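Engineer: All I have is the shape, not the residue letters:
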């Protein structure tokens, strides 16, 4: 089964993708991860990616599609693929559809993780992690049992992402609504879109995704 998790930054796509990988033996195709892996691979495609990035240029859709093609043809994915961070535009959606057709595969469903912007800002700006083990916490929703001490490892140092602030998030949301949100209508028209509440509890979101996949 091949799926797209669609939603704005902070909707929880990464968290849910990780669970799908673990439980369903799917392969997560993250654009960022693929670019980093390609850059250090030494392959012809990798050299092309390194050259573009070293020049400070944007990686073209053609390069990303080429990397995805490599994964579709070589990666062992008994449970299928999760597309993460791609497509972001209508042109990329068309290109992905053509690629899947060319390798004899198809897109089974697109799951939109819908969120309320104000609630999303609160969720993102309040999150932080243990600097030692990476365990996640939140200013209001998930504090450590003992203030200042990580529940998992006992660490006492915590950190926040530099872009987890209201101004940066609003900029990222604007980019999402401008470039990526048209995909909601695109996949709805194709009869491939299913929408769930992305701000529900993690287990509730997981259950909604499981149902959406069962209904596909």
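Structural biologist: Okay, I see it. Quick caveat, the model's predicted, so the values are computed rather than measured. Numbers count the residues shown, from 1 in each chain.
Engineer: What separation is there between the residue of the chain most remote from its centre and residue 160?
Structural biologist: The outermost residue of the chain, judged against the average C-alpha position, is residue 146 (31.4 Å), by C-alpha atoms, centre = their mean. Taken as C-beta to C-beta, to the nearest Å, the spacing of residue 146 relative to residue 160 amounts to 20 Å. All C-beta atoms are positioned from the backbone trio N, CA, C, and that covers glycine.
Engineer: So what touches stretch 156-176?
Structural biologist: For stretch 156-176, the surrounding residues in contact (C-beta atoms under 8 Å, 6 or more residues apart in numbering) are 8-10, 117, 120-121, 124-125, 127-132, 137, 148-150.
Engineer: Tell me which residues of that stretch come out buried.
Structural biologist: Going by neighbour count (16 or more other C-beta atoms under 10 Å), the buried part of stretch 156-176 is 158, 164, 169, 173, 176.
Engineer: and if you look at stretch 6-24?
Structural biologist: Using 16+ other C-beta under 10 Å as the burial criterion, the residues of stretch 6-24 that qualify are 6-13, 16-17, 19-20, 24.
Engineer: List of residues touching it?
Structural biologist: 1, 5, 26-28, 79-80, 82, 84, 110-115, 117, 120, 123-124, 169, 172-173, 176-177, 180, 183-184, 187, 198, 202, 205-206, 209.
Engineer: Quick one: mean pLDDT over that stretch.
Structural biologist: For stretch 6-24, mean pLDDT rounds to 89.
Engineer: heads up, I number from 32, so please use that
Structural biologist: That works, and once the first residue is 32, the last one we named lands at stretch 37-55.
Engineer: and that stretch, how far from the chain's centre?
Structural biologist: Stretch 37-55 has its average C-alpha position 6 Å from the chain's average C-alpha position, going by C-alpha atoms, centre = their mean, to the nearest Å.
Engineer: and after the helix or strand residue 51 falls within, which helix or strand comes next?
Structural biologist: Here residue 51 is covered by helix 44-55, with elements defined by DSSP states H and E. On the C-terminal side of helix 44-55, the closest following helix or strand by DSSP H and E is strand 58-61.
Engineer: The spatially most central residue of the chain - nearest residue in space that isn't next to it in sequence?
Structural biologist: Centroid-nearest residue in the chain: residue 115, 3.8 Å away (criterion: C-alpha atoms, centre = their mean). With C-beta to C-beta, 6 or more residues apart in numbering as the measure, residue 61 is the residue that lies nearest to residue 115, at 4.5 Å, once sequence neighbours are left out.
Engineer: and the gap between the one you found and residue 114?
Structural biologist: The span separating residue 61 from residue 114 equals 9 Å under the rule C-beta to C-beta.
Engineer: Compare these two and say which is more crowded by neighbours.
Structural biologist: residue 114 (22 against 17; other C-beta atoms under 10 Å).
Engineer: SS state for that one?
Structural biologist: Going by DSSP: H, G, I helix; E, B strand; the rest coil, the secondary structure assigned to residue 114 is strand.
Engineer: For this protein, which segments count as helices?
Structural biologist: Residue ranges of the helices in the chain, as given by DSSP state H, are 44-55, 62-70, 75-85, 92-105, 121-133, 148-156, 197-206, 213-220, 233-246.
Engineer: Could you dump these into JSON lines and include distance to residue 185?
Structural biologist: What follows is the helices of the chain, written out as JSON lines (distance: least, C-beta to C-beta, whole Å):
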{"stretch": "helix 44-55", "distance to residue 185": "24"}
{"stretch": "helix 62-70", "distance to residue 185": "30"}
{"stretch": "helix 75-85", "distance to residue 185": "39"}
{"stretch": "helix 92-105", "distance to residue 185": "39"}
{"stretch": "helix 121-133", "distance to residue 185": "44"}
{"stretch": "helix 148-156", "distance to residue 185": "26"}
{"stretch": "helix 197-206", "distance to residue 185": "31"}
{"stretch": "helix 213-220", "distance to residue 185": "43"}
{"stretch": "helix 233-246", "distance to residue 185": "23"}
